[in-house]
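> here is my input; please provide its structure:
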Amino acid sequence: MLKKIYGSAVFGIEATTITVEVNIGKGIGYHLVGLPDNAVRESSYRISAALNNIGYKLPGKKITINMAPADIRKEGASYDVTLAIGILAASNQITSENIEQYIIMGELSLDGSVQPIKGALPIAIKAREEGFKHFILPKENAKEAAIVDDLDVLGIENITDVIHHFNGTQLIEPTKIDTRTEFYKNLEFPEFDFADVKGQESIKRCMEIAAAGGHNIILIGPPGAGKTMLAKRLPSILPPMTLHEALETTKIHSVVGKVKNSGLMFERPFRSPHHTISDVALVGGGQYPQPGEISLAHNGVLFLDELPEFKRSVLEVMRQPLEDREVTISRAKFTVNYPSSFMLVASMNPSPSGFFHDASSPATSSPAEIQRYMSKISGPLLDRIDIHIEVTPVPFDKLSDERKGESSTDIRIRVIKARELQSERFESFENLHYNAQMNVKHIRAFCKLSPPSKSLLKTAMEKLNLSARAYDRILKVSRTIADLANEPNILPNHISEAIQYRSLDRDGWLG
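Model prediction:
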């Protein structure tokens, strides 16, 4: 007897429906075709033991299973429940009425219990698009998939739950989540707050500007100056994610199995990989491509601590994603795109000794040593970082001050207002939402300078020997500073403040 049931394969961050055709005929044998990997081929052993342990069995006949389309590689153990239910339905051990309306996924243990899978959210989205009514999957993934409306998500703990459901003896209760209510109820701040930071008012101002315009930022300072502490608090002042952004971010994390039991992600991601990371782990890829750290930071913050310690090849592969805001992984037979629109926050010491070239420093490196150290970071990468700021140690009187600083809540209100201005300004542009995304054409249109502002910028570039690449960055940051001040025009004081945030472009900065 032939029976068709349905599973799904995740390719990149999109799902493809897999038709599993199970045919049971005369003879003996078990044949699985359709480009399965080793984990899928081994499913017969798990299925056989699991069915025996719950009182069912593999029929002693010739079982042929085809997983179509046959040109897509089927990976992982998440097809175990799909195949097991297909075999039971084809051998008439269970009732299989309306089984074509179900997507079924799950990994089997030998006792019949079901293990969680990866990619539940993209699978649920695809199932709804293709008109499926029900999605059976492990209970641990149910909340994640239940984000999708108009689809009954049935969470199971054991394969017996599926058998009872199809036999009609005990129906599985659908998991229900009101996505919008849950989303707006959970718009909470992370545990880190700018109120905990003592002193560093100028750096907080920098972080506010970076958050308001979506600008990449690099913090340069000695050990213990508070670079990491400040970076960790940046997500707390970023605007809340929209529902669309939350779904997009959750989808990426779902593919790598990093979604928590809450289902939808409410907080912007903050990723901080160690400097020993490989280029594949950072941008994504591998034999069977997976999203990397920059895609996991999509719609959030990627923090690279001690930037010069990262391998140069690792830093260089970020150049294209920083510009295009997506990663393209190409292989001989296919190409996968992962979104990677993130804010880059980097930190570094000013020299190998960790301190500025200053007679009062505990340890001092020579200008030549500092130059070698700084040369680990390429010019094209620095070109994509809008704000460079020096972080100096906090004096004792500020550290011992009991008063709280300005909270993230207050800063965030100003950031949101500035972002709203930018949304209105770029309303007619499809992929332009905030100032950092402007290209040269947009800068010429939206960053027009008055004669006094233009004169100030010209003087600064000549006196400070600022590089040509600093010009557009200064204009972008100036536009954000003006937005925070609710000023329609860029004024000379906005230009002068933005000039301060180009430390690494200044001639003689190395000492």
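> the longest helix in this structure is where?
Counting residues, the longest helix in the chain under DSSP state H turns out to be helix 408-425.
> just give the nearest non-adjacent residue to Val336, would you?
Leaving aside its chain neighbours, Val336 sits nearest to Gly12 (3.9 Å; criterion: C-beta to C-beta, 6 or more residues apart in numbering). The C-beta positions use only the backbone N, C-alpha and C, and glycine is treated the same way.
> so who does that neighbour touch?
255, 289, 336-338 (C-beta atoms under 8 Å, 6 or more residues apart in numbering).
> one more time with 10 Å
Neighbouring residues of Gly12 by C-beta atoms under 10 Å, 6 or more residues apart in numbering: 122, 252, 255, 284, 289-291, 295, 329, 334-338.
> also Phe11?
Shown in contact with Phe11 (C-beta under 10 Å, 6+ apart): 72-73, 75, 119, 122, 255, 288-289, 334, 336.
> now with 7 Å?
By C-beta atoms under 7 Å, 6 or more residues apart in numbering, the contact list for Phe11 is empty.
> that one pairs with what?
Glu14 (DSSP bridges).
> then the one 10 residues further on?
Glu21 forms beta bridges with Lys4, Asn66, as assigned by DSSP bridges.
> what ranges in the stretch 251-400 of the chain fall below the confidence cut-off?
Residues of the stretch 251-400 of the chain meeting the criterion pLDDT under 70: 261-262, 354-365, 399.
> if we use 90, what do you get?
Along the stretch 251-400 of the chain, segments meeting pLDDT under 90 span 256-268, 284-290, 312-313, 316-326, 328-337, 348-385, 389-400.
> still on that earlier bit, outside of the longest helix of the chain, which residues touch it?
189, 193-195, 208, 211-212, 233, 236-239, 433-435, 446, 480, 483-484.
> any idea how far Ile87 is from Lys57?
10 Å (C-beta to C-beta, to the nearest Å).
> those two: which has the busier surroundings?
Ile87 (27 against 13; other C-beta atoms under 10 Å).
> wait, is that one part of a strand?
No - Ile87 sits outside any strand when classified using DSSP: H, G, I helix; E, B strand; the rest coil, being helix.
> grab the nearest non-local neighbour of it.
Nearest non-adjacent residue to Ile87, counting by C-beta to C-beta, 6+ apart: Val22, 5.8 Å away.
> pLDDT score for the one you found?
pLDDT recorded at Val22 is 95.
> how much space between it and Arg425?
Computed with C-beta to C-beta, the distance linking Val22 and Arg425 is 57 Å.
> comparing these two, which shows the higher neighbour count?
The residue with more neighbours, out of Val22 and Arg425, is Val22; 23 against 20, by other C-beta under 10 Å.
> touching, that one and Ala84? I think so.
No - counting by C-beta atoms under 7 Å, Val22 sits too far from Ala84 to count as a contact (10.0 Å).
> centroid-nearest residue for this protein?
Closest to where the C-alpha atoms of the chain average out (C-alpha atoms, centre = their mean) is Leu296, at 2.5 Å.
> that one and Ile490, how far apart?
For Leu296, the distance to Ile490 - C-beta to C-beta - is 35 Å.
> tell me the domain ranges of the chain?
2-177, 194-505 (automatic domain parsing).
> can you turn the buried part of the contacts of Gly12 into a PyMOL selection?
Buried subset of the contacts of Gly12, written as a PyMOL selection, criterion 16 or more other C-beta atoms under 10 Å:
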select buried, resi 122+252+255+284+289+290+291+295+329+336+337+338
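> now secondary structure too, for the contacts of Gly12, in CSV please.
Output for the contacts of Gly12, formatted as CSV (three-state DSSP):
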residue, secondary structure
Pro122, helix
Ile252, helix
Val255, helix
Gly284, strand
Pro289, coil
Gln290, strand
Pro291, strand
Ser295, helix
Ile329, strand
Phe334, coil
Thr335, strand
Val336, strand
Asn337, strand
Tyr338, strand
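> just the strands from the stretch 201-350 of the chain, written as ranges.
Counting by DSSP state E, counting those that start in this stretch, the stretch 201-350 of the chain has strands at residues 217-220, 270-271, 284-285, 290-291, 301-304, 326-330, 335-339, 343-348.
> one step back: I'd guessed the residue nearest to the centre of the chain sits against Pro269; true?
Yes - counting by C-beta under 7 Å, Pro269 is a contact partner of Leu296 at 6.1 Å.
> turn the strands of the stretch 201-350 of the chain into a markdown table, including distance to Ser400.
A markdown table is the format used below for the strands of the stretch 201-350 of the chain (distance: least, C-beta to C-beta, whole Å):
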| stretch | distance to Ser400 |
| --- | --- |
| strand 217-220 | 23 |
| strand 270-271 | 29 |
| strand 284-285 | 46 |
| strand 290-291 | 44 |
| strand 301-304 | 28 |
| strand 326-330 | 46 |
| strand 335-339 | 45 |
| strand 343-348 | 25 |
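> so which of these gets nearest Leu154?
Of all these, strand 290-291 sits nearest to Leu154, with 27.5 Å by C-beta to C-beta.
> ok, Tyr338 - contacts?
With contact set as C-beta under 7 Å, 6+ apart, Tyr338 has these partners: 12-13, 284, 291, 295, 326-327.
> do that again at 6 Å, thanks
Residues near Tyr338 by C-beta atoms under 6 Å, 6 or more residues apart in numbering: 284, 291, 295, 327.
> how about the residues you listed, which pair is most distant?
So, the contacts of Tyr338 by C-beta to C-beta: farthest apart are Pro291 and Val327, at 8.1 Å.
> joint contacts of these two?
With C-beta under 6 Å, 6+ apart, Pro291 and Val327 have common neighbours 284, 338.
> what is the closest residue to Arg41 other than its chain neighbours paired to in the beta sheet?
Leaving aside its sequence neighbours, Arg41 sits nearest to Leu32 (C-beta to C-beta, 6+ apart; 6.0 Å). Beta bridges link Leu32 to Ile65 when assigned by DSSP bridges.
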